[in-house]
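Visitor: sequence and computational prediction follow.
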Amino acid sequence: MKEHVLSQTENVKKGLKALEYLMNRPVGNMVGLGLIWGQPGLGKTHFAVRTCMERGYVYTCLEANDTPKILVRRLLQSVLVNYGMGDQIMLQGSTSTLFQRLKDVLNNNTTEEHTPVIFVDEIDYAFGKSREILFGTIRDIVDHTAAVLMLIGMGEAREKLMKLNRHYYARCNYFCNFKPASKADVKQICSDISDVELDESFKDFVAEASKGDIRDVVKMLYSAETTAIQAGQRSITLQEFQQLARAV
C-alpha cells in the first residue's frame with residue numbers, strides 16, 4: 001500500500017484552498033489562523049502530515065498534559081530543525097524567553113516568497129476552560145508573527161472554540177470542514193494507494209461499505225491486498241476477494 005500518497009479528494013482540495021487563502025491574506029490586517037475540523041477518520045491528520053512533508057511545513061500535535069511552556073518549546077524545536085538550525089537549539093529558559101526565540105525565528109524566516117506554516121493537530125485539548133491559556137499561546141504566535149497556524153480538530157471543534165472564547169473565535173480567519181469522502185473520492189483513493197489492481201465492483205463496494213470513512217477504506221484495501229498477495233495475484237475482483245476470504 002502506498003501509505004504516503006495524498007489523493008486529491010474534495011477534502012484535500014478544500015484544505016489546500018484554506019492554506020492558500022491564509023498565505024495570501026493581507027498580513028497587516030489579518031492573522032494567519034485557520035481551523036480544519038471534522039469527525040474522526042476523514043483524513044485530517046493525513047492531510048496535515050503529508051502536506052507538511054511535501055512542502056516543508058511544521059507539524060505538531062497537542063497532548064493531554066501540555067502546558068504553554070511545553071507547547072512553545074516543542075514548536076521552537078520543530079521550527080529550528082525545519083530551518084536547518086538544529087545545531088543552534090536553545091530550549092532553556094522561561095516560557096517568555098522561549099516564546100521570544102520562537103517569534104524571532106519565525107519572523108526572521110518570513111519573506112515575500114516564504115511564509116512559515118505550522119499545523120497544530122488535536123487542538124481539542126486546548127478547549128477546556130482550565131486550558132484556555134494554551135489557545136492564548138497560539139493566538140500570541142499569530143498576533144506577533146506572519147506565520148500561518150492551521151489548527152486540526154474534531155467534529156465539534158468550531159463550536160467548542162466559539163464557546164471557549166469569542167475573541168479567539170473571531171481571530172480565526174478560515175474554517176474548513178472535512179466531510180465523509182464521496183464515492184468518487186473513495187474510488188480515487190483506491191486507485192492511488194492500492195498495490196494491487198482492483199476492479200470497479202470492488203471499488204464500488206469499498207465506497208458503499210466505508211460510508212466515506214477513510215480509515216475504513218484503508219482497512220478494506222489492506223485486506224484486499226493481503227488476500228490477493230497470499231493468493232499470488234496482483235489484481236483482485238470483489239467476487240474473488242469474497243471467495244478467498246471465505247476460504248481462509
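Guide: Noted; the coordinates are in hand. Residues are numbered from 1 along each chain as shown.
Visitor: phi, psi for residue 227 please.
Guide: Dihedral pair for residue 227: phi -60, psi -40, per degrees, to the nearest 10.
Visitor: what about it, how many residues close to it?
Guide: 20 (other Cβ atoms under 10 Å). Every C-beta, even on glycine, is put in place using the N, C-alpha and C of the backbone.
Visitor: find the centremost residue of this structure, please.
Guide: If you average the C-alpha coordinates of the chain and look for the closest C-alpha using Cα atoms, centre = their mean, you land on residue 48, 2.5 Å from that point.
Visitor: hang on, that residue in a helix?
Guide: Yes - looking at residue 48 with DSSP: H, G, I helix; E, B strand; the rest coil, it is inside a helix.
Visitor: for the residue lying closest to residue 63 once chain neighbours are set aside, give me its contacts.
Guide: In this structure, residue 63 finds its nearest non-sequential neighbour in residue 125, 6.8 Å apart by Cβ to Cβ, 6 or more residues apart in numbering. Neighbour list for residue 125: 62, 63, 64, 66, 131, 134 [criterion: Cβ atoms under 8 Å, 6 or more residues apart in numbering].
Visitor: relative to residue 122, how far out is the third one?
Guide: Going from residue 64 to residue 122 by Cβ to Cβ, to the nearest Å gives 9 Å.
Visitor: would you turn the contacts of residue 125 into a markdown table with distance to residue 226?
Guide: As requested, these are exported to a markdown table (distance: Cβ to Cβ, whole Å):
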| residue | distance to residue 226 |
| --- | --- |
| 62 | 34 |
| 63 | 33 |
| 64 | 34 |
| 66 | 38 |
| 131 | 42 |
| 134 | 41 |
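Visitor: now restrict those residues to buried residues only.
Guide: The neighbour-count test (16 or more other Cβ atoms under 10 Å) applied to the contacts of residue 125 identifies 62, 66, 131, 134 as buried.
Visitor: farthest-separated two in these?
Guide: When the buried ones among the contacts of residue 125 are compared pair by pair using Cβ to Cβ, the farthest-apart members prove to be 62 and 131, with a separation of 9.3 Å.
Visitor: show me what counts as buried in stretch 32-44.
Guide: Using 16+ other Cβ under 10 Å as the test for burial, stretch 32-44 gives 32, 33, 34, 35, 36, 37, 38, 41, 42, 43, 44.
Visitor: sorry, back to before: for the nearest residue to the residue nearest to the centre of the chain once chain neighbours are set aside, what are phi and psi?
Guide: Closest residue in space to residue 48, ignoring its immediate chain neighbours: residue 119 at 4.2 Å, by Cβ to Cβ, 6+ apart. The phi/psi pair for residue 119 (degrees, to the nearest 10) reads phi -100, psi 130.
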